[in-house]
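>>> I'd like to go over a predicted model; first the sequence, then the structure.
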Amino acid sequence: MSSDIAIRVVSICKRYEIYNTPRDRLKQFFLPSMQRLTGRHPLQYFKEFWALRDVSFEVKKGETIGIVGRNGSGKSTLLQVICGTLFPTSGSVETDGRIAALLELGSGFNPEFTGRENVYLNGAVLGLGNKEIDMRFDEIVAFADIGDFIEQPVKTYSSGMYVRLAFAIQANVDPEILIVDEALAVGDPAFVHRCMDRIHTLQAGGTTILLVTHDSLAVKRFCSKAYWLDRGTLRLSGESNDVVDAYLHELFDNVSSTVKTVTAESNWNYSENGEFIWETTIPNQDRRLGDLTAKVIGLAIYDINGQKISATQSNEKVLLRFSVINVSIPVGTELSFGYIFRNFRGEEIAATNTNLEECVPVRVSSLKEVFNIAVEIFLPSLHSGSYSISVGVSHCLNRKIKLADRIVNGLFINVVNPKQITTITSFDSKFEIKPLCL
């Protein structure tokens, strides 16, 4: 294996034998061999279930890779095969480096042991001696923040305490490869923030990270690449933004994005009765979500002087305008309109809609009705760079909000900030410093 490869998965397959009854399992153990001895074709008394089929990929050292897919797609099985806790039916896995894995809840813990004893047990499994664990013990306990429960058997722990201690151990033993399987979903907000900060630290230190999660934003935020598993096969691999968007596109039962729109350009002006002129172009409509019972038919952004723009500065107001046509939503149905603002990593910087803003409800009055939406947005002190804007419309169906249409990354705008900032955004801040004479 090349020196820059941390994980290599080659043609992994995993088959399970599913028996209807214990009797069938017993038959399978004895009868096929007897049938062969008598010259008969051996019968099979189980159904085959392939959790993984011919999965292959490589992860370079220092990369953070996300794995997405529906429940039952084989994500957890794949991680267990990589960790060595599950043997594949065929194929091979090679790893280079100490692996720390946070798989299903409580895995690797002896429920009868105390938290302290499990820290030393897990450390030993990871190849650490008692002296090395002694050096890290206080840091692990502080990170887990479970108080006196560290001296109690872990069978008395809540699910959150399990995860706290498990992640604290795995993330503080200097792993070269960290594998996390959806475990952080049960953590409280403060602990999740602590974990994310630790993941950033591990990334900066060159740790290879494999992350399985249903949180698409986390994949976009932390992962440079992503793999999409679908019914045990590798459906798609590539840049995390592209893979997650493709996965979500199918997950939400999306229809085709090929939608005809009016192509005439519209300018910033009003009709005689003071109504907005329709927006009738969409700069980018490669991806859209929803049932298309209503459609976004135009989208543009303007400065405060009414000029269409593709760039602006931080701390400026802009006007986002888009138009929506009703296709088949029944008269009287309430609609909601909104937008999502993302940076180049796909992280959501801001998002809102008319429901959240407590606007006056808008209801459908006829088919083919067109709604013109104007949103005045004050851009805060953002990091200089390219940002995307997604817009959409939802309707209320059987007391549930259902997405009608969302143009994903419908337009892009460049934001320039003369202030040098290293974070996503910065707050308006005033410092007051008073020297004290001692």
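Ah, there it is. Numbers count the residues shown, from 1 in each chain.

>>> ok, which stretches of the stretch 1-150 of the chain are helices?
Along the stretch 1-150 of the chain, the segments classed as helices by DSSP state H, counting those that start in this stretch run 22-37, 75-83, 115-125, 130-144.

>>> what's the nearest residue to residue 314 once chain neighbours are set aside sitting at in phi/psi?
Nearest-residue entry for residue 314: residue 417, 4.1 Å, with adjacent residues in sequence omitted and distances by Cβ to Cβ, 6 or more residues apart in numbering. To be clear about C-beta, it is placed using only N, CA and C from the backbone, and glycine gets the same treatment. The phi and psi values for residue 417, taken as degrees, to the nearest 10, are phi -120, psi 110.

>>> wait, what's in contact with residue 417?
By Cβ atoms under 8 Å, 6 or more residues apart in numbering, the residues touching residue 417 are 313, 314, 381, 382, 383, 384.

>>> can you pick out the most distant pair from those?
The most widely separated members of these, counting by Cβ to Cβ, are 313 and 383 (12.6 Å).

>>> can you give me the strands for the stretch 251-400 of the chain?
Ranges of strands within the stretch 251-400 of the chain are 287-289, 294-302, 311-313, 317-326, 334-343, 348-353, 362-363, 370-378, 381-382, 385-397, 400-416, based on DSSP state E, counting those that start in this stretch.

>>> most tightly surrounded among those?
Highest mean neighbour count among the strands of the stretch 251-400 of the chain (mean count of other Cβ atoms under 10 Å): strand 294-302, with a mean of 23.

>>> before we move on, the earlier item: wait, which of the strands of the stretch 251-400 of the chain is closest to residue 200?
Judging the strands of the stretch 251-400 of the chain by Cβ to Cβ, what sits closest to residue 200 is strand 334-343, at 16.1 Å.

>>> one step back: shared neighbours of residue 313 and residue 383, anything?
The contact sets of residue 313 and residue 383 overlap at 415, 417 (Cβ under 8 Å, 6+ apart).

>>> low-confidence bits of the protein, can you list those?
1, 104-107, 183-190, 193, 252-277, 286, 345 (pLDDT under 70).

>>> how does it divide up, domain by domain?
As assigned by automatic domain parsing, the chain contains the domains 5-251, 287-416.

>>> and the last one, how far from the chain's centre?
When you say that, I think you mean domain 287-416. 22 Å (Cα atoms, centre = their mean, to the nearest Å).

>>> compute the first-to-last residue distance for it.
27 Å (Cα to Cα, to the nearest Å).

>>> rewinding a little: and the domains of the chain: which comes nearest residue 279?
Here domain 287-416 is closest among these (Cβ to Cβ), at 2.8 Å.

>>> returning to that earlier point: residue 432 is nearest to which of the domains of the chain?
Closest of those to residue 432 is domain 287-416, at 19.7 Å (criterion: Cβ to Cβ).

>>> can you map out the strands along the stretch 101-250 of the chain?
Using DSSP E, counting those that start in this stretch, strands in the stretch 101-250 of the chain cover 177-181, 208-212, 225-230, 233-239.

>>> between those, which one is closest to residue 355.
strand 225-230 (30.7 Å).

>>> residue 251 and residue 71 touch, don't they?
No: in this structure, residue 251 is not within contact of residue 71 by Cβ atoms under 8 Å, at 11.2 Å.

>>> neighbour count: those two, which is higher?
Neighbours were counted for residue 251 and for residue 71 using other Cβ atoms under 10 Å; residue 251 has more, 15 against 7.

>>> can you get me a residue count around the residue nearest to that one when sequence neighbours are not counted?
Among residues not flanking residue 251 along the chain, residue 70 sits closest, at 7.1 Å (Cβ to Cβ, 6+ apart). Residue 70 has 15 neighbouring residues, counting by other Cβ under 10 Å.

>>> likewise the one 5 residues further on?
Neighbours of residue 75 under the rule other Cβ under 10 Å: 24.

>>> verify the stated contact: it with residue 65.
No: using Cβ under 8 Å, residue 75 is not in contact with residue 65; the gap is 11.9 Å.

>>> thinking again about what came up before, quick one, which of the helices of the stretch 1-150 of the chain is packed in tightest?
helix 75-83 (a mean of 23).

>>> list of residues touching it?
Residues from elsewhere that reach helix 75-83 (Cβ under 8 Å, 6+ apart): 7, 9, 12, 14, 51-52, 55, 67-69, 86-88, 93, 95, 99, 101, 103-104, 179, 181-182, 210, 212, 229.

>>> same deal with stretch 121-133?
Counting by Cβ under 8 Å, 6+ apart, residues outside stretch 121-133 touching it are 98, 100, 108-110, 113, 119-120, 136, 169-170, 173, 175.

>>> same deal with stretch 343-350?
Residues from elsewhere that reach stretch 343-350, judged by Cβ under 8 Å, 6+ apart: 217, 220-221, 240-241, 244, 340-342, 382-383, 385-388, 424-425.

>>> residue 373 against residue 335, yeah?
No: with contact defined as Cβ under 8 Å, residue 373 does not reach residue 335; the gap is 10.0 Å.

>>> identify the contacts common to those two.
By Cβ under 8 Å, 6+ apart, residue 373 and residue 335 have these common neighbours: residue 324.

>>> tell me what residue 362 is bridged to.
Per DSSP bridges, the residues bridged to residue 362 are residue 335.

>>> so what's it up against?
334, 335, 337, 354, 371.
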